[in-house]
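In: Generate a structure from the sequence data that follows.
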Amino acid sequence: MEGKTVSVERVIKAPPDKIFALLADAGKHSTFDGSESVNHSTAESVPLSMGSKFGMAMRGRIETLFIPYRTTNTVVEFEPNRRIAWKTTGAGGLIGGRIWRYELSPVGDGQEGTLVRETWDVSEDKQPWLITRGSMPKQTADGMRATLERIAELVES
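Out: Presented below is the predicted three-dimensional model:
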């Protein structure tokens, strides 16, 4: 892992507004999560905005064992149809601080699709030494690639 971020990107054959609408709906996050760690949103299906808070029921995996936990997420970056990011914390703010960021850029004249970049940013995480070692960055990148694939499946139809 170079620095404190891991990013993956791909072109999705849909306009930025359609992709952004999916990303900005916390109630739909489990439909496109490629890591399969988002169980369901504890929020209503309403559009997010800067400063919005939403909860997620999660399931962490250790080997073949799934451990349930909850997170609180706060939208920390918000530019409609261009960028959205939220910071995830848990255990009353004692753990976490990871930022999940999506950046959208039209390709060509916008008719060709949208370049979507997902970034896992641990620069503000409370335990970066724990999550940046071993296989976690690779597993995260693999999960993000699967997430972008699922987003494509949902919005390209």
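In: Asn73: helix or strand, and which one exactly?
Out: strand 65-79 (DSSP states H and E).
In: Nearest residue to Val107 in space, please, no chain neighbours.
Out: Gly113 (5.0 Å; CB to CB, 6 or more residues apart in numbering). Placement of C-beta: from N, CA and C, glycine included.
In: The one you found contacts Pro16, doesn't it?
Out: No. Applying CB atoms under 8 Å as the test, Gly113 and Pro16 come out as separate, 9.3 Å apart.
In: returning to what we had before: just checking, next helix/strand downstream of the strand holding Asn73?
Out: strand 83-90.
In: That next one packs against which elements?
Out: Secondary-structure packing of strand 83-90 (3 or more CB pairs under 8 Å, 6 or more residues apart in numbering; DSSP states H and E): strand 65-79, strand 95-106.
In: Contacts for the shortest one, please.
Out: Looking back up the chat, that one is strand 95-106. 15-16, 19-20, 23, 71, 76-77, 81-90, 113-127, 131 (CB atoms under 8 Å, 6 or more residues apart in numbering).
In: repeat that with 6 Å
Out: 16, 19, 23, 82-90, 114-119, 121-122, 124-126 (CB atoms under 6 Å, 6 or more residues apart in numbering).
In: now the helices: where do they sit in this protein?
Out: Remark: helices assigned in the chain by DSSP state H are 16-23, 29-32, 128-131, 136-155.
In: Columns mean neighbour count on top of those, output as CSV?
Out: Formatted as CSV, these follow (neighbours: other CB atoms under 10 Å):
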stretch, mean neighbour count
helix 16-23, 18
helix 29-32, 18
helix 128-131, 13
helix 136-155, 17
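In: Kindly reformat those as CSV containing distance to Gly3.
Out: Converted to CSV, the helices of the chain look like this (distance: least, CB to CB, whole Å):
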stretch, distance to Gly3
helix 16-23, 24
helix 29-32, 26
helix 128-131, 10
helix 136-155, 11
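In: do you know which of the ones you listed lies nearest Val8?
Out: Among the helices of the chain, helix 136-155 comes nearest to Val8, with 4.5 Å by CB to CB.
In: next one: stretch 117-136 to chain centre, how far?
Out: The chain centroid and the centroid of stretch 117-136 are separated by 13 Å under CA atoms, centre = their mean, to the nearest Å.
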